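Student: Need a 3D model of the sequence below.
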Amino acid sequence: MLVKVYGSAVFGVEAQTISVEVNVDQGIGYHLVGLPDNAIKESNYRIAAALQNNGYRIPGKKITINMAPADLRKEGSAYDLTLAIGILSASGQMKSEHVDRYLIMGELSLDGKLQPIKGALPIALQAKKDGFTGFILPKVNAMEAAVVDKLDVHGVESIEEVIHFFDLGKPLPKTAIDLKEQFYKNQDFPDFDFMDVKGQESIKRCMEIAAAGGHNIILIGPPGSGKTMLAKRLPSILPPMTLQEALETTKIHSVVGKVKNVGLMNQRPFRNPHHTISSAALVGGGSYPQPGEISLSHNGVLFLDELPEFERRVLEVMRQPMEDREVTIARARFTVTYPSSFMLVASMNPSPSGYFNDPDAPVTSSPMEMQRYLGKISGPLLDRIDIHIEVSPVPFDKLSNESKGETSAEIRQRVVMARFIQTERFASFGHVHYNAQMNTKQIRKFCVLGESQKTLLKGAMERLNLSARAYDRILKVARSIADLANETEINESHISEAIQYRSLDREGWLG
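Tutor: Predicted coordinates for the structure are as follows:
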């Protein structure tokens, strides 16, 4: 008897429906074809034990299973439940008339319980697109798949529930969520607030500008000056995600199995990888490509602490994704593209000792040592960072001051207003939403300078020997400063402030 059941494969952040054809005939043998990986080939042992422990069995006949399309590589243990239901249906141990209406996925334990799967959200989106009545999957992933409306999502705990549903008509529980309620729930950051930061008003101003325009920023300062503390509070002043951004972010985290019992992610991600990270882990890759840290921080913040301690070749692979806001991973048989529109926040000490030309410092470094240390970071990478700012240690009188500073909510309100201006400005551009995403043509259109501003910027370019990319960065930052001030034109004060935020271009840093 031939039966078709359906599963799904995830490639990049998209899913493709897989047709699992199970044929039970006279003879002996178990043949699984259609380019399965080792995890799928081993599934017959898990399926046999799970069925036996629930009063069923793999028939002692010739079983042929084809996973179509047969030229597409399938991977992972999430097909266990799909294969098991197909075998039971084809061998007549359960009714099979409604099996083809549902997409079925889940990893089996030996007692028949279901383990979580990866990529539940993109699979659910594809199941709805392909017209399936429902999606049967492990209960722990049900909230994630329930984000998709007009699709019955059934979260189950064991294979026995699925068998009784098809064979006896026993209903399965449906998982449904209120998408709006889920989206607007817990959008604040109670643990990290800018009012906890003592002093550093100029740095807070920089963080506000960076958040308003989506600019990359690097903080340079001695140990204990508050670089990490400031960076961790940046997400608290970023605008709330739109529903589209939340869906994009949830899909990426779903692919790597990081969304469980959550549903829709409504807070911007903050990723903080260690400096020993490999280039594949940062941008994505592997034999079966998975999203890297830059994609997991999509629509959020990627924080690289102690930037010069990262391997140079690891940092260099970020250059193209920072410009294109996506990363493409090519393999011999296929190519996948992951989105990577993130804000880069980096921090570093000015020298190996952490101090530079400070006579009161416990350890000092010579200018040559400092230049060698900063030389670990390439000029092209620094060019792609819009704001360079020095962070000075906080004096005792400010540390001991009991007065509270401005809260993240107050700063966020100004950032949201600036982003609203940018949203209206770029309404006719599909992939541009804030100033940092502007290309050269848009910079020329929206960052028009008068003669006095041009003269000011020309002098800074010649004095600091800035590149053409740095010129564009200054204009983008100046545009964000003007938006925060709710001014339509860029004036000299905006240009002057933006030039100040190119610390690493000034003489005395990189020579």
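Student: Next secondary structure element downstream of the longest strand along the chain?
Tutor: Looking across the chain with DSSP state E, the single longest strand is strand 14-25. Where DSSP states H and E defines the elements, the next helix or strand beyond strand 14-25 is strand 29-33.
Student: Pull the distance from that following strand to the chain's centre.
Tutor: Centroid separation for strand 29-33 versus its chain: 38 Å, with CA atoms, centre = their mean, to the nearest Å.
Student: Just checking, which helix or strand succeeds that strand along the chain?
Tutor: helix 38-41.
Student: Please save the CA atoms from that following helix in CSV.
Tutor: Extracted in CSV, the C-alpha atoms of helix 38-41 (Å, rounded to 0.1, in the frame of the first residue of the first chain):
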residue,chain,number,x,y,z
ASN,A,38,22.7,10.2,8.8
ALA,A,39,20.2,11.5,11.3
ILE,A,40,17.4,10.5,9.0
LYS,A,41,19.0,7.2,8.2
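Student: Not counting the very next helix or strand once past it itself, show me its contacts.
Tutor: Moving toward the C-terminus from helix 38-41, the first helix or strand encountered (DSSP H and E) is helix 43-52. Under the contact criterion CB atoms under 8 Å, 6 or more residues apart in numbering, helix 43-52 has outside partners 30, 32, 57-58, 77, 79-80, 83-84, 87-88, 107-112, 159. In this view, the C-beta of every residue, glycine as well, is placed from N, C-alpha and C.
Student: hang on, the earlier thing: ok, and for the longest strand of the chain, which residues are buried?
Tutor: Buried positions in strand 14-25, judged by neighbour count with 16 or more other CB atoms under 10 Å: 14-15, 17-18, 20-24.
Student: Dump those residues to a markdown table, plus pLDDT and distance to residue 232.
Tutor: Compiled in a markdown table, those are given as follows (pLDDT from 0 to 100; distance: CB to CB, whole Å):
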| residue | pLDDT | distance to residue 232 |
| --- | --- | --- |
| 14 | 91 | 33 |
| 15 | 94 | 34 |
| 17 | 97 | 41 |
| 18 | 97 | 42 |
| 20 | 97 | 46 |
| 21 | 97 | 51 |
| 22 | 96 | 51 |
| 23 | 96 | 57 |
| 24 | 95 | 57 |
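Student: how about the helices in the stretch 201-350 of the chain?
Tutor: Secondary structure of the stretch 201-350 of the chain (DSSP state H, counting those that start in this stretch): helices at 201-213, 227-232, 243-255, 279-283, 293-296, 312-316, 319-324.
Student: Need the winner for burial among those helices.
Tutor: helix 293-296 (a mean of 26; mean count of other CB atoms under 10 Å).
Student: still on that earlier bit, buried ones among the contacts of helix 43-52?
Tutor: Members of the contacts of helix 43-52 classed as buried by 16+ other CB under 10 Å are 32, 58, 77, 79-80, 83-84, 87-88, 107-108, 112, 159.
Student: Make TSV out of those residues and add distance to residue 131.
Tutor: Below are the buried ones among the contacts of helix 43-52 laid out as TSV (distance: CB to CB, whole Å):
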residue	distance to residue 131
32	27
58	31
77	27
79	21
80	25
83	23
84	24
87	25
88	24
107	26
108	27
112	29
159	25
